[in-house]
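Participant: sequence plus predicted model, see below.
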Number of protein chains: 2
Amino acid sequence: MTQQIIHAVPPVVVGVDVGGTKIAASLVDAKGRLFGHIRYPTDISGPEATLDSIAYTVNKVIHEVGISRGDVQAVGLGIPGLVDPYNGIGIASVNLNWNNVPVKEGLETRLGFPCSIENDVKAAALGETRYGAGIGKQNLVFMTIGTGVAAAVILEKKLYRGSNGMAGEIGHTVIEQSGPLCKCGGHGCLEALVSGPAIAARAAKKIQSGRPTILNNISGKRVKELTARAVFSAAARGDAVALETIKEVSQYLAIAIQFMALAYDPQVIVLGGGVPQAGKPFLDPVLLSLDRLAKESWVIRKIFTPRFVQVTKLRTDIGVLGAAALVATN
Amino acid sequence: MTQQIIHAVPPVVVGVDVGGTKIAASLVDAKGRLFGHIRYPTDISGPEATLDSIAYTVNKVIHEVGISRGDVQAVGLGIPGLVDPYNGIGIASVNLNWNNVPVKEGLETRLGFPCSIENDVKAAALGETRYGAGIGKQNLVFMTIGTGVAAAVILEKKLYRGSNGMAGEIGHTVIEQSGPLCKCGGHGCLEALVSGPAIAARAAKKIQSGRPTILNNISGKRVKELTARAVFSAAARGDAVALETIKEVSQYLAIAIQFMALAYDPQVIVLGGGVPQAGKPFLDPVLLSLDRLAKESWVIRKIFTPRFVQVTKLRTDIGVLGAAALVATN
């Protein structure tokens, strides 16, 4: 364990990715290298219990790596939902079941380190800028596609939050007016079309119409238990229903990506979250859809490059790296 | 004429709105008041001839107002198409029929004043920020809906141009995958759905299907000569075909407005260009569509206020005021 510390270049910060089911924490040194890798269940029985479980995870990773507490400069935390980063308040989070929780104050009291918080997607965009595809770039759009769908934007190397901290909340933009009902009450929202559950639901509908598919075998007995991951696996094996599902989803996602490209004119668009982790079976059809849009339209060809769309190479570390980016200095 | 000058607070700048058919120029004083109002045909027979006609218009408005040339601080020009404002180059403009024209240099030689150029929509956004709905605001989205459709964005009181000067070029985002063919080659682009010609074409299609309407009388004999203005007039008189056309168009425009609202989280969205000049028959259905989106979705209700959408109050002066804002100081 002390072997790891030898390579860490102080100052070290702690990056904490707070999710609704688990808390992930690592130490990150000045070179962006990760040390320690703690996963601990999130206690969402109440705000104090949640803060306790976060503090426990932070202390645990410091102890595991064996670094002196004096070498830890600060703790950064990426939190789902609406966050007030200036006052360190968790304003609203469905996943954590909290409202107006003084997260910064509660953790600084518990830990004795300076703590900074930010919405997890916004933190990820900062992480991508500091440690990933955004290195050396001014303008970056980060889109997360998982259970939810949202974007965060880096302009001139700084996080752009908008007038109310809502910039990039594109999960509920309407991509298909006659599209499926979204859990928000709207119809054809981006999230209702391309999120993990939306992909599974789209495939399930095709299965229920009686079409032949290997998806039944992959997903087990119940259509309800189908996951986006199973759909991508089936597509990789050439299953027609899965391929059709993914083609449709990719077209919707391509439209949203193109919109963000035209709205923000970034140098790179990075896709993160659970769904893009499927890799090639995810990305190839999206790039194909983007190419098709560009082939059709000479305007799009002129002002838009599908090639600048990529899946995050920081993989599952993007959460802790994003959180670390909140407090990293150099 | 000299009476006007008495009220002008130096320094005075010249705002020039360069269009494909006419050049508009006014003097603008430090208080944002306009003096003189020259309209002159644009000579698009060649770049030098175009610059000559611009210089002529500038000299004419200075002469008309009767102000001393020494009191003119600078000339700002809003130009359609792609512009390099840093080097003063008109890179590409279909309307002006030019490529890589050194506009700044050509005009400074002709006029003897410092000249600044910018894309006309971006200039209009700056004009709105300095003289209109953006006063006292940090973040503003300006959308123009006319023959073309585009947006420009002010963030933290500054024009955000994007990595290639293309930020806000949303005219060719896909709003309806199965929508009409756009002149860019794409299908269902915003511009193919809500531009002036698109509104007229949508109404024309309904007329050709044989439905009863007063639009035939309003527009004269030929369906091809139908204008968006005629459609709004007919709608104001309760014509069912016109009302249906505008309702559909408003839904598409509302989706694009909502997308820009969620992408940028601005404090105000200002609509300019020829189409919004129809006034209430234009704006009311758009606000209704936005309200409907907000009523359906609790997420949208929480993070989006249709009330912050408005039509520019600078009316047709937005062009010259935007151009003036490029060079105005104080």
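Facilitator: Structure's in. What do you need?
Participant: packing partners of the longest helix along chain A?
Facilitator: Longest helix in chain A by number of residues (criterion: DSSP state H): helix A:240-264. Counting contacts by 3 or more Cβ pairs under 8 Å, 6 or more residues apart in numbering or on different chains; DSSP states H and E, helix A:240-264 is packed against strand A:140-145, strand A:149-155, helix A:190-194, helix A:196-208, helix A:228-236, strand A:268-272, helix A:280-296, helix B:240-264. To be clear about C-beta, it is placed using only N, CA and C from the backbone, and glycine gets the same treatment.
Participant: contact residues of the stretch 1-150 of chain A facing chain B?
Facilitator: With Cβ under 8 Å from any Cβ of the partner chain as the criterion, the stretch 1-150 of chain A meets chain B at residues A:138-139.
Participant: so who does the closest residue to chain B within the stretch 1-150 of chain A touch?
Facilitator: Residue of the stretch 1-150 of chain A nearest chain B, by Cβ to the nearest Cβ: residue A:139 (5.0 Å). Each residue near residue A:139 by Cβ atoms under 8 Å, 6 or more residues apart in numbering or on different chains is listed here: A:153-156, A:264-267, B:162-163.
Participant: at 6 Å what do you get?
Facilitator: A:155, A:266-267, B:163 (Cβ atoms under 6 Å, 6 or more residues apart in numbering or on different chains).
Participant: distance check, residue A:110 against residue B:52.
Facilitator: Going from residue A:110 to residue B:52 by Cβ to Cβ, to the nearest Å gives 73 Å.
Participant: repeat that for residue A:46.
Facilitator: The value you get for residue A:46 to residue B:52, if Cβ to Cβ is used, is 75 Å.
Participant: kindly report the same for residue A:320.
Facilitator: 62 Å.
Participant: between those two, tell me which one has more neighbours.
Facilitator: Counted by other Cβ atoms under 10 Å in any protein chain shown, residue A:320 and residue B:52 do not tie: residue A:320 has more neighbours, with 29 against 16.
Participant: how about that one: what's its closest non-neighbour residue?
Facilitator: Residue nearest to residue A:320 in three dimensions, not counting chain neighbours: residue A:15, with 3.7 Å by Cβ to Cβ, 6 or more residues apart in numbering or on different chains.
Participant: can you tell me what sits against the helix or strand hosting that neighbour?
Facilitator: Residue A:15 belongs to strand A:12-18 when assigned by DSSP states H and E. With contacts defined as Cβ under 6 Å, 6+ apart, strand A:12-18 is touched by A:24-29, A:58, A:71-79, A:319-320, A:323-324, A:327-328.
Participant: cool, stretch A:84-103 as well?
Facilitator: The contact list for stretch A:84-103 (Cβ under 6 Å, 6+ apart) reads A:20, A:44, A:47, A:50, A:79-83, A:104, A:117-118.
Participant: so residue A:226 makes contact with residue A:206?
Facilitator: No. The pair residue A:226 and residue A:206 does not pass the contact test of Cβ atoms under 6 Å, sitting 10.5 Å apart.
Participant: quick one, which of those two is more surrounded?
Facilitator: The neighbour comparison of residue A:226 against residue A:206 (other Cβ under 10 Å) goes to residue A:226, with 23 against 18.
Participant: so how far is residue A:42 from the more buried one?
Facilitator: Taken as Cβ to Cβ, the span from residue A:226 to residue A:42 is 26 Å.
Participant: please apply the same query to residue A:213.
Facilitator: 36 Å.
Participant: what helix or strand does residue A:26 sit in?
Facilitator: Assigning secondary structure by DSSP H and E places residue A:26 in strand A:22-28.
Participant: what's that strand packed up against?
Facilitator: In terms of contacts (3 or more Cβ pairs under 6 Å, 6 or more residues apart in numbering or on different chains; DSSP states H and E), strand A:22-28 is packed against strand A:12-18, strand A:34-41, helix A:47-65, helix A:318-325.
Participant: hey, what's the angle from it to strand A:12-18? Just curious.
Facilitator: Going by axes from the mean of the first three to the mean of the last three Cα atoms, to 10 degrees, strand A:22-28 is angled at 160 degrees with respect to strand A:12-18.
Participant: show me what counts as buried in strand A:22-28.
Facilitator: A:23-28 (16 or more other Cβ atoms under 10 Å in any protein chain shown).
Participant: mind checking the SS state of the residue of chain A most remote from its centre?
Facilitator: When distances are taken from the C-alpha mean of chain A, residue A:210 lies farthest, 34.3 Å away, according to Cα atoms, centre = their mean. Assigned state for residue A:210: coil (three-state reduction, DSSP: H, G, I helix; E, B strand; the rest coil).
Participant: quick one, domains of chain A?
Facilitator: Under the assignment automatic domain parsing, the domains of chain A span A:2-129+A:317-325, A:134-312.
Participant: turn the ones you listed into JSON lines, columns for mean pLDDT.
Facilitator: Shown next, in JSON lines, are these (pLDDT from 0 to 100):
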{"stretch": "domain A:2-129+A:317-325", "mean pLDDT": "93"}
{"stretch": "domain A:134-312", "mean pLDDT": "93"}
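Participant: so can I have a markdown table of those domains showing distance to residue B:177?
Facilitator: Formatted as a markdown table, these follow (distance: least, Cβ to Cβ, whole Å):
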| stretch | distance to residue B:177 |
| --- | --- |
| domain A:2-129+A:317-325 | 26 |
| domain A:134-312 | 7 |
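Participant: and those domains: which comes nearest residue B:282?
Facilitator: Judged by Cβ to Cβ, the one of those that comes nearest to residue B:282 is domain A:134-312, at 20.2 Å.
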